[in-house]
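Q: Quick one, fold the following:
(chains A and B)
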Number of protein chains: 2
Amino acid sequence: MGSPSTATRVTARRRRAAPAPATRYDRRLAEILVHATEVFCKKGYEGASMRDLARASGMSLAGLYYYFESKERLLFLIQKHTFTTIVQGLKARLEGVSDSEERIRIFILNHLEYFLANQAAMKVLSHEAEALKNGFASEVAAIKREYYRICVGLLDKLKSDRGLQFQTRIAVLSLFGMMNWIYTWHNPRVDADAESIAGEMGDVFLRGVMAGGKGRRDGR
Amino acid sequence: MGSPSTATRVTARRRRAAPAPATRYDRRLAEILVHATEVFCKKGYEGASMRDLARASGMSLAGLYYYFESKERLLFLIQKHTFTTIVQGLKARLEGVSDSEERIRIFILNHLEYFLANQAAMKVLSHEAEALKNGFASEVAAIKREYYRICVGLLDKLKSDRGLQFQTRIAVLSLFGMMNWIYTWHNPRVDADAESIAGEMGDVFLRGVMAGGKGRRDGR
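A: As a prediction, the model looks like this:
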């Protein structure tokens, strides 16, 4: 639904944001993560066994342990890979863009494109957010926190540029909700693509935070 | 954060919307559903066994089978109970309210109040949406569809009353996303209560759909 020039620009940005795995080991690892994501998506983290995960990857159980040593490490790598990819893609796309509204539109587009292209991963991320413990959990939490803070920064900038008043935390988490919930309903046969939905959600969200101006209605 | 008069009205509405279970059997059943919800919330549907569920309810395995016959029936009853309660509460609150913006604010408040008061149930509902099969699945789907359609109706009414243009499906699903995502982040020690958050989300969402007027920006 976007104009050709927008589509071209988006494609160029997407290309820049997707590095290919370097070695044969890396590629094999990336493949296993894809299969593991499918299994976690279907059976849940608790319900999936290392045996299920090995079978889905066409590997022996011993082979799977060689690469990963535990189910938890697999989940950790899926989460780390996903969030790192989203954050790197976003940073690349934001480079050289200064308008604060445009930057939020890029944030939304980057997020939705990744989500719609990786729906199984997004479901696993949403459902198994608390399954990791200790070191694994805190490393993933750090990347998620960085991503959350980028969004807070983008909204605070819009707020100061335009002299707006809204609660940043609620606005950021509302935006994440709008976007993340898409894994429950998006049907490629009925619904538009990421770019069109990003435009529509961007309109609702940005008008919503911007229409308030310097005061907000009282909470009723 | 609402004014005293608002709080009183909300409390009156809430009271009207919560019927007490009628018989001893009903009460026992409701208790078991609460315990089962906690277990599904912690272990996931696949990961939880009838033995876990019996233990959490302080029942024998035989006793649990007497009430429910299967794990699937338990999940079905949790889902049915939750959606029925939300829909009944909403209908009671909407009675006699004609302003289309006010009706959407009531929808948001009813949803968020239930969600924040029943976070474990909401997590189970979100994560195990696809676990039910056949008859169970279609009965729950029918209640969910009714709820979804009520929201579509509320938004379409706002659209025609105010002469607005937006995609109802995307707007409805964005609103559900904003509200439902709350189970992942709401912290009662930091965040405001349902009424205040409903006010804030209502502001962002309603301004968002209303600020567009008769045309929308192109999808960039």
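Q: Run a quick neighbour tally on the residue nearest to residue A:116 when sequence neighbours are not counted.
A: For residue A:116, the nearest residue in space outside its immediate sequence neighbours is residue A:194; the separation is 4.7 Å by CB to CB, 6 or more residues apart in numbering or on different chains. C-beta: built from backbone N, CA, C; applies to glycine. Using other CB atoms under 10 Å in any protein chain shown, residue A:194 is surrounded by 21 other residues.
Q: what separates residue A:194 from residue A:111, distance-wise?
A: Between residue A:194 and residue A:111 the distance is 9 Å, computed by CB to CB, to the nearest Å.
Q: before we move on, back to that, who are the neighbours in contact with the residue nearest to residue A:116?
A: If you count contacts by CB atoms under 8 Å, 6 or more residues apart in numbering or on different chains, residue A:194 has them with A:109, A:112-113, A:115-117.
Q: same thing with residue A:171?
A: For residue A:171, the contacting residues are A:155, A:209, B:204, by CB under 8 Å, 6+ apart.
Q: could you say which helix or strand contains the last one?
A: Going back to what we said before, that points to residue B:204. Here residue B:204 sits within helix B:194-211, counting by DSSP states H and E.
Q: any idea of the angle that helix forms with helix A:194-210?
A: Using axes from the mean of the first three to the mean of the last three CA atoms, to 10 degrees, one finds that helix B:194-211 and helix A:194-210 are set 110 degrees apart in direction.
Q: Scan chain A for its longest helix.
A: As assigned by DSSP state H, the longest helix anywhere in chain A is helix A:134-162.
Q: Show me what that one packs onto, helices and strands only.
A: Contact here means 3 or more CB pairs under 8 Å, 6 or more residues apart in numbering or on different chains; DSSP states H and E; on that basis helix A:134-162 packs against helix A:71-94, helix A:100-117, helix A:168-180, helix A:194-210.
Q: and with 6 Å instead?
A: Secondary structure elements in contact with helix A:134-162, counted by 3 or more CB pairs under 6 Å, 6 or more residues apart in numbering or on different chains; DSSP states H and E, are helix A:71-94, helix A:100-117, helix A:168-180.
Q: export those helices to JSON lines and tack on mean pLDDT and distance to residue B:85?
A: JSON lines is the format used below for the helices and strands packed on helix A:134-162 (pLDDT from 0 to 100; distance: least, CB to CB, whole Å):
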{"stretch": "helix A:71-94", "mean pLDDT": "92", "distance to residue B:85": "34"}
{"stretch": "helix A:100-117", "mean pLDDT": "95", "distance to residue B:85": "31"}
{"stretch": "helix A:168-180", "mean pLDDT": "94", "distance to residue B:85": "22"}
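Q: Output those helices in CSV, with distance to residue A:141 appended to each entry.
A: Output for these, formatted as CSV (distance: least, CB to CB, whole Å):
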stretch, distance to residue A:141
helix A:71-94, 10
helix A:100-117, 18
helix A:168-180, 15
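Q: Which residues of chain A lie near chain B?
A: Counting by CB under 6 Å from any CB of the partner chain, the residues of chain A close to chain B are A:1-2, A:43-44, A:46-47, A:127, A:167, A:170, A:173-174, A:177-178, A:180-181, A:185, A:196, A:199-201, A:203-205, A:207-209, A:211, A:216-217, A:219-220.
Q: Could you give the number of residues near residue A:146?
A: Close neighbours of residue A:146, defined as other CB under 10 Å, add up to 12.
Q: List the contacts of it.
A: Going by CB atoms under 6 Å, 6 or more residues apart in numbering or on different chains, residue A:146 touches no other residue.
Q: returning to what we had before: most tightly surrounded among the helices and strands packed on helix A:134-162?
A: Each of those was given a mean neighbour count from mean count of other CB atoms under 10 Å in any protein chain shown, and the largest, a mean of 22, is that of helix A:168-180.
Q: Run the angle between that one and helix A:134-162 for me.
A: Calculated by the same axes, to 10 degrees, helix A:168-180 forms an angle of 110 degrees with helix A:134-162.
Q: How far off centre is helix A:168-180?
A: Relative to its parent chain, helix A:168-180 has a centroid offset of 13 Å by CA atoms, centre = their mean, to the nearest Å.
Q: What number of residues are in the vicinity of residue A:130?
A: Around residue A:130 sit 11 other residues, with neighbours defined as other CB under 10 Å.
Q: tell me the SS of it?
A: What DSSP: H, G, I helix; E, B strand; the rest coil gives for residue A:130 is coil.
Q: got the buried residues for the longest helix of chain A?
A: Judged by neighbour count using 16 or more other CB atoms under 10 Å in any protein chain shown, the buried positions of helix A:134-162 are A:136-137, A:140, A:143-144, A:147-148, A:150-151, A:154-159.
Q: for chain A, what are the low-confidence residue spans?
A: Applying pLDDT under 70 to chain A flags the ranges A:1-22, A:213-220.
Q: Kindly recompute the last result at 50.
A: A:1-18, A:215-220 (pLDDT under 50).
Q: ok so, going back, how big is the angle separating the longest helix of chain A from helix A:100-117?
A: Using the same axes, to 10 degrees: helix A:134-162 against helix A:100-117 is 140 degrees.
Q: Report the angle between helix A:134-162 and helix A:71-94.
A: On the basis of the same axes, to 10 degrees, helix A:134-162 is oriented at 20 degrees to helix A:71-94.
Q: What is the strand or helix carrying residue A:39 packed up against?
A: Taking DSSP H and E as the definition, residue A:39 sits inside helix A:24-47. For helix A:24-47, the elements it packs on are helix A:50-57, helix A:71-94, helix A:119-127, helix B:24-47, judged by 3+ CB pairs under 6 Å, 6+ apart.
Q: Quick one: residues in contact with stretch A:147-156.
A: Contacting residues not belonging to stretch A:147-156 are listed as A:87, A:103-104, A:107, A:168, A:171-172 [CB under 6 Å, 6+ apart].
Q: show me the contacts for residue A:103.
A: Residues in contact with residue A:103, defined by CB under 6 Å, 6+ apart, are A:94, A:97, A:154.
Q: Tell me the spacing between residue A:133 and chain B.
A: According to CB to the nearest CB, to the nearest Å, residue A:133 and chain B sit 14 Å apart.
Q: Spatially, which residue comes closest to that residue, not counting chain neighbours?
A: Of all residues beyond its chain neighbours, the one nearest residue A:133 is residue A:72 (7.3 Å), with distances taken as CB to CB, 6+ apart.
Q: Three-state assignment for residue A:96, please.
A: From three-state DSSP, the assignment for residue A:96 is coil.
Q: burial of it, as a residue count?
A: Taking other CB under 10 Å as the criterion, the count of residues near residue A:96 is 5.
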